[in-house]
Each structure stands twice: as structure tokens, then as C-alpha cells.
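Asker: got a sequence here, can you build the structure:
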Amino acid sequence: MSRYLAVTFTDTLMHLVDDTYLQSGDRESLYYFRVPDTWHGPDLQTQVFAVAEKMYKEFNAQFRADGTIVTEPNDPNYIKVLQTTAVPLMPQQIATKIWLTAESPSAWEWTPCVIVNDDGTYSRQDPIDF
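Answerer: Numbers count the residues shown, from 1 in each chain. Sure, this is the predicted structure:
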């Protein structure tokens, strides 16, 4: 069995200015996570944030290397997740599949749906199959 969460990410572009990284303004986006039942209680927010950090590490690598998003190999700037807030979905929200009407969280993200495994690994999921 799994739990469904609405997860708000707050992120920013870290912009290099005179050898110092500065935040360029906060941006919020909404994801839907399906997590193991064991993810609850006081560790939930920490576990969700750890997944978000992995996702953003992957984004930044893709921005620089393989061209799957855009290739900016010499750009020292990067996107950083600052905070996540996870809220369990209510049974009615799950039944109506609220994620089917959600917008893509960003220009570089194709889905708002993420399946998280017990070990914290994750995969993106088409909303129809979520």
C-alpha cells in the first residue's frame, strides 16, 4: 500500500556573482508523490526533502551534460530546492485523481507525479498511470 502526498517545492536559481552564489528569487511548484506507507510521522518532511534534492541534482546534471533538457556545460548557475512541504492527500482527492488536472511543475519537468521507493529512489510517472 502507498500514501499519496501533495508536495510543494520552493526553489531558486543560484546565480554566481563575484565568486558568491546569490538566490535569484523563490519559485513554488507542486508535485504529487506516491510514497511507501512507512513514510509518515516526524521523518516525512526530511524524507521528502531528500528526494527533492536528488531530483534537483539530476536536473542540474542534465542541464550541463547530456542535452536531455538543455545543454549549458559552462553555466556556473544552478537550481536549488530550498524547502519542501508534504501534505497527505485526502481520500476524495485520491479518488478523483487530482493530479490529472495538475500543470507541469516547470519547463524542464514533464510530469508532476513521482513514485518513491522504500530506499528513497524515485521515478517519474505519467499522471494517467499514477
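Asker: element containing the closest residue to Ser106 other than its chain neighbours?
Answerer: Leaving out its chain neighbours, the residue that sits closest to Ser106 by Cβ to Cβ, 6 or more residues apart in numbering is Ser29, at 5.7 Å. Using the backbone N, CA and C atoms, a C-beta is placed for each residue, glycine as well. Using DSSP states H and E, Ser29 sits within strand 20-36.
Asker: could you identify the helix or strand that succeeds the least confident helix or strand in the chain by mean pLDDT?
Answerer: Ranked by mean pLDDT, DSSP states H and E, the weakest helix or strand in the chain is helix 44-64, scoring a mean of 89. Note on helix 44-64: by DSSP H and E, the next helix or strand toward the C-terminus is strand 78-88.
Asker: pull the CA atoms of that following strand into CSV?
Answerer: The C-alpha coordinates for strand 78-88 follow below in CSV (Å, rounded to 0.1, in the frame of the first residue of the first chain):
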residue,chain,number,x,y,z
TYR,A,78,22.3,26.0,-10.7
ILE,A,79,18.8,25.4,-9.4
LYS,A,80,18.4,24.6,-5.7
VAL,A,81,15.5,23.3,-3.8
LEU,A,82,15.2,25.3,-0.7
GLN,A,83,12.2,23.7,1.0
THR,A,84,9.5,21.1,0.5
THR,A,85,6.2,20.8,2.3
ALA,A,86,4.4,17.5,2.0
VAL,A,87,0.7,17.2,2.8
PRO,A,88,-1.1,13.8,2.7
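Asker: paired strands for it, with orientation please.
Answerer: Strand 78-88 has the following sheet partners, assigned by DSSP bridges: strand 2-17 (antiparallel).
Asker: mean confidence score for the strand it pairs with?
Answerer: Averaged across strand 2-17, the pLDDT comes to 92.
Asker: now Asp119. Its backbone dihedrals?
Answerer: Backbone torsions for Asp119, taken as degrees, to the nearest 10, come to phi -90, psi 0.
Asker: state the distance from it to Gln47.
Answerer: For Asp119, the distance to Gln47 (Cβ to Cβ, to the nearest Å) stands at 11 Å.
Asker: which one's more surrounded, these two?
Answerer: Just comparing Asp119 and Gln47: by other Cβ atoms under 10 Å the higher neighbour count belongs to Gln47, 20 against 7.
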